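Student: Pasting the sequence and the predicted model now:
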Amino acid sequence: MPIFRAREDLRNARRHDPAARGSFEIAVAYSGLHAIWSYRVAHRLWRAGLRTPARFLSQFTRFLTGVEIHPGARIGRRFFIDHGMGVVIGETTWIGDDVMLYHGVTLGGRGSGHGKRHPTVHDGVTVGAGAKVLGAITIGEHSVIGANAVVTRDAPPNSLLVGVPAHPRPRSGHEQIPGDTWIDPAIYI
């Protein structure tokens, strides 16, 4: 992993988490960040054809962090997992840049075939705690998925998805809390 990417991750964690005290604390104490760093190594192994070592590394990381990221998933830059525990990201998941997940999120598969079975999450999406995004669906950029939502259908860009099952609706633009740079998906339970 290039050093600039690690620095970018540290800055991104600081930007997303108001409780962050500094780069040293983030580097040592943020399990979501440890899971992302380990995923990047495992993904390189996976792409090099070293699939068994990649899976061993991902499972060992799950044991250490509580975050399970399949090494075959594709994840963009400035990805952040806040509080990490219980996050599951499946093999054919594609995640864009500037995506944020909270604890207990599942980006899971539907079906037992060998093709695309997991979601595509475009740039700038925020996924609330406990949300489940299931199947080969697409979540458009800058969408917000509320806490505990269950999403099984595509959503256009700038959608707000809440409920079980979640139905996309356009964001009104008033969802952002004044002074915050990120939308709090917990307010959409």
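Tutor: Perfect, I can see it now. Fair warning: this is a prediction, and the values are worked out from it, not measured in the lab.

Student: biggest helix in this protein, by residue count?
Tutor: helix 31-47 (DSSP state H).

Student: can you pull the buried residues of the helix or strand of the chain with the lowest mean pLDDT?
Tutor: Taking mean pLDDT, DSSP states H and E as the measure, the chain has helix 3-16 as its least confident helix or strand, at a mean of 81. Of all the residues in helix 3-16, those buried under the rule 16 or more other CB atoms under 10 Å are Ala6, Asp9, Leu10, Asn12, Ala13, His16. Placement of C-beta: from N, CA and C, glycine included.

Student: Stretch 72-92 now?
Tutor: For stretch 72-92, using 16+ other CB under 10 Å, the buried residues are 72-73, 75, 78-84, 87-92.

Student: Same question for stretch 136-148.
Tutor: Buried, per 16+ other CB under 10 Å, within stretch 136-148: Ala136, Ile137, Ile139, Gly140, Glu141, His142, Ser143, Val144, Ile145, Gly146, Ala147, Asn148.

Student: any idea how far it is from the chain center?
Tutor: Distance of stretch 136-148 from its chain centroid, counting by CA atoms, centre = their mean, to the nearest Å, is 11 Å.

Student: how far does it stretch from start to finish?
Tutor: 19 Å (CA to CA, to the nearest Å).

Student: Kindly report the same for stretch 96-110.
Tutor: 20 Å.

Student: as a whole number, average confidence for it?
Tutor: Averaging pLDDT along stretch 96-110 gives 94.

Student: which residues touch the most centrally placed residue in the chain?
Tutor: The centroid of the chain falls nearest to Leu101 when counting by CA atoms, centre = their mean (4.2 Å). If a contact means CB atoms under 8 Å, 6 or more residues apart in numbering, then Leu101 has Gly32, Phe80, Ile81, Asp82, Val87, Leu107, Val127 as its contacts.
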